[in-house]
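*Asks:* any chance you could fold what I've pasted below:
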Amino acid sequence: MDINDVDVDVDVDVDVDVDVDVDVDDEDLDFSRSYFLAKELASSAKKSGHKLSDIELVSEEELRAAVANLKPKHEKEVKNLMVGYKNLYHKWLFELRCGFGLLMYGFGSKKALIEDFASTALTEFSVLVINGYLQSVNIKQVIIAVAELFMEEVKLNRKTAGSYPKIQQPFNSKSIDDLLAFLNGYGENKSDRFVCILVHNIDGPGLRDSESQQYLARLAACSHVRMVASIDHVNAPLLWDKKMVHTQFNWCRHHVPTFAPYKVETTFFPLILANAGSAQSAKTAAIVLQSLTPNAQSVFKVLADFQLAHPDEEGMPVNDLYTVCRERFLVSSQVTLNSHLTEFKDHELVKTRKHSDGQDCLYVPLSSEAIGK
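*Replies:* Alright, predicted model coming up:
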């Protein structure tokens, strides 16, 4: 039989009925309708014409007075916490003697804790305090002060008479490299005498630049220097590389939350909700001036007195300021005056503008009443 002669009829009936019942919750439908209805109403609503500038801000004095009147909480617990830290003072001192630096971190101001540690456990050593929360810190002046303190330490601790080095020129005329070499090179004997540097907010605005951190790291690495510092900024560790952390600073980290308010640290920053008027500008200027050297204050006073005596003038020419300061023995050279002026400009205490004859003039950007205060 030929297969082509075979007829095969295949009749397949497939009847598939698929019934899908979807039950939608009424609550979901109500939520969806409410959501889109709220969006529609929000888009059609009138926008408010109020601005942030329309807010009546209180004066800073009033706001700081209100903050000062806030009652502290959990006093008993905080007191017990501080007692626990005091019991660690001997451990911290041992770490300093072993050549480590102390890095304090944690919520709350650590200024009082570090200073109490210094006044309690570091009475045998010279201590230098650096307020890193200030807007500007002169690193060279810091290193000069450390060298002078160490020199006094050597003189007072004469184990062999006349063994301390004779400085042929004053420290302020030496370079930073020479000062660091003096702090690191003198004293081949294994003496545990050192100068301790307390740095409040080593991550503060006055020390946050790379150059300042490099000099502080080199200073901390000197054999006759120990450093105790505090940090509060969340990104503070990004200021240092591996060499600075493990070799130069050689930190021993201590988590010491004090929950104390940052009263002193925030004095130099305007409050967000405070009205920054002329009175506030005068107060800020006065605070900054207090942190400057006496010579710098005297130079600023010369400029301020000139502006009060000549209110119609565009400012005091730089050459005239240098002449007056030189006559009063406030500066010894134009370089010294320029360093003071740079510091004034960084703090926005002094500004420069062109006189009608084309020369640069200096002026204080405050009212006569604010300058008088």
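
*Asks:* would you list the phi and psi of His255?
*Replies:* Its backbone dihedrals place His255 at phi -90, psi 110, with angles given as degrees, to the nearest 10.

*Asks:* any idea how far it is from Gly84?
*Replies:* Using C-beta to C-beta, to the nearest Å, one obtains 12 Å as the distance from His255 to Gly84. Heads up, the C-betas are built off the backbone N, CA and C, glycines and all.

*Asks:* which stretches of the stretch 51-200 of the chain have low pLDDT?
*Replies:* Filtered on pLDDT under 70, the stretch 51-200 of the chain yields the residue ranges 51-58, 60, 157-169, 186-192.

*Asks:* all helices for it, in order.
*Replies:* For the stretch 51-200 of the chain, the helices defined by DSSP state H, counting those that start in this stretch cover 60-68, 75-86, 89-97, 111-121, 139-156, 176-185.

*Asks:* between the ones you listed, which one is nearest to Ser291?
*Replies:* Among these, helix 139-156 comes nearest to Ser291, with 11.5 Å by C-beta to C-beta.

*Asks:* got JSON lines for the helices of the stretch 51-200 of the chain, with distance to Tyr262 and mean neighbour count too?
*Replies:* As requested, the helices of the stretch 51-200 of the chain are arranged in JSON lines below (distance: least, C-beta to C-beta, whole Å; neighbours: other C-beta atoms under 10 Å):
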{"stretch": "helix 60-68", "distance to Tyr262": "11", "mean neighbour count": "13"}
{"stretch": "helix 75-86", "distance to Tyr262": "15", "mean neighbour count": "12"}
{"stretch": "helix 89-97", "distance to Tyr262": "22", "mean neighbour count": "15"}
{"stretch": "helix 111-121", "distance to Tyr262": "8", "mean neighbour count": "17"}
{"stretch": "helix 139-156", "distance to Tyr262": "22", "mean neighbour count": "18"}
{"stretch": "helix 176-185", "distance to Tyr262": "31", "mean neighbour count": "16"}
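
*Asks:* so which of these is nearest Asp357?
*Replies:* Proximity of the helices of the stretch 51-200 of the chain to Asp357 was assessed by C-beta to C-beta; the nearest stretch is helix 139-156, lying at 35.8 Å.

*Asks:* pull the residues that contact the closest one.
*Replies:* 125-126, 128, 130, 164-165, 167, 171-172, 174, 176, 179-180, 182-183, 186-187, 193-195, 197, 211-212, 215-216, 219, 224-225, 293 (C-beta atoms under 8 Å, 6 or more residues apart in numbering).

*Asks:* let me know the angle separating whichever strand or helix holds Ser339 from helix 139-156.
*Replies:* Secondary structure here is read from DSSP states H and E; on that basis Ser339 sits in helix 334-346. Between helix 334-346 and helix 139-156, the angle formed by their directions is 120 degrees, by axes from the mean of the first three to the mean of the last three C-alpha atoms, to 10 degrees.

*Asks:* so what touches helix 334-346?
*Replies:* Taking contacts as C-beta under 8 Å, 6+ apart, the residues outside helix 334-346 that touch it are 135-136, 138, 292, 295-296, 299-300, 318, 321-322, 325, 331, 350-352, 362.

*Asks:* could you pull out the buried residues of it?
*Replies:* Using 16 or more other C-beta atoms under 10 Å as the burial criterion, the residues of helix 334-346 that qualify are 336-337, 340-341, 343-344.

*Asks:* need the residues you listed in a markdown table (columns: pLDDT and distance to Leu63).
*Replies:* Written out in a markdown table, the entries for these read as follows (pLDDT from 0 to 100; distance: C-beta to C-beta, whole Å):
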| residue | pLDDT | distance to Leu63 |
| --- | --- | --- |
| Thr336 | 85 | 39 |
| Leu337 | 88 | 38 |
| His340 | 85 | 33 |
| Leu341 | 87 | 33 |
| Glu343 | 80 | 29 |
| Phe344 | 83 | 28 |
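
*Asks:* state the pair within those that is farthest apart.
*Replies:* If you compare every pair in the buried residues of helix 334-346 using C-beta to C-beta, the most distant one turns out to be Thr336 and Phe344, at 13.1 Å.

*Asks:* in strands only, show me the contacts of helix 139-156.
*Replies:* Per DSSP state E, strands hold the following members of the contacts of helix 139-156: 126, 128, 130, 195, 197, 225.

*Asks:* residues contacting the second one?
*Replies:* This means Leu128. Contacts of Leu128 by C-beta under 8 Å, 6+ apart are 142, 145-146, 149, 195-198.

*Asks:* between the residues you listed, which is closest to Lys263?
*Replies:* When these are compared for distance to Lys263 (C-beta to C-beta), Leu198 comes out closest, at 17.7 Å.

*Asks:* and that closest one, how many neighbours?
*Replies:* When neighbours are defined as other C-beta atoms under 10 Å, Leu198 has 22 of them.

*Asks:* that one - nearest residue in space that isn't next to it in sequence?
*Replies:* In this structure, Leu198 finds its nearest non-sequential neighbour in Val129, 4.8 Å apart by C-beta to C-beta, 6 or more residues apart in numbering.

*Asks:* since that was my last question, I'll sign off now.
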